[in-house]
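Peer 1: this is a predicted model, with the sequence first.
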Amino acid sequence: MKYRVLLTHNFEKEAKRFVKKFPSLKKELAGLNQQLSVRPFIGTPIDSSYYKC
């Protein structure tokens, strides 16, 4: 089964601001996106089908 990681507009806006301060964050977020695409159930369950990392 193939999964997609959806980002909220607010997250994208905040991440862009933090990437300016922390350049390595871009690479870390890309790695997290890749991990979540492969194993979407990592993290703390919030609801039956939602997780937070």
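Peer 2: Structure received. Residues are numbered from 1 along each chain as shown.

Peer 1: quick one, what contacts Asn33?
Peer 2: Val5 (Cβ atoms under 8 Å, 6 or more residues apart in numbering). The C-beta positions use only the backbone N, C-alpha and C, and glycine is treated the same way.

Peer 1: next up, identify which helix or strand it is on.
Peer 2: helix 24-38 (DSSP states H and E).

Peer 1: give me the sheet partners of the helix or strand following that helix and which way each runs.
Peer 2: Scanning forward in sequence from helix 24-38 by DSSP H and E, the next helix or strand is strand 44-45. Strand 44-45 pairs in its sheet with strand 51-52 (antiparallel), by DSSP bridges.

Peer 1: where's the residue nearest to the spatial centre of the chain relative to Ser48, distance?
Peer 2: Centroid-nearest residue in the chain: Asn33, 5.1 Å away (criterion: Cα atoms, centre = their mean). Asn33 is 22 Å from Ser48, where distance means Cβ to Cβ, to the nearest Å.

Peer 1: pLDDT-wise, which helix or strand of this protein ranks last?
Peer 2: strand 51-52 (a mean of 80; mean pLDDT, DSSP states H and E).

Peer 1: so which bits of the helix holding Asn33 are buried?
Peer 2: Within helix 24-38, the residues that count as buried by 16 or more other Cβ atoms under 10 Å are 29, 36.
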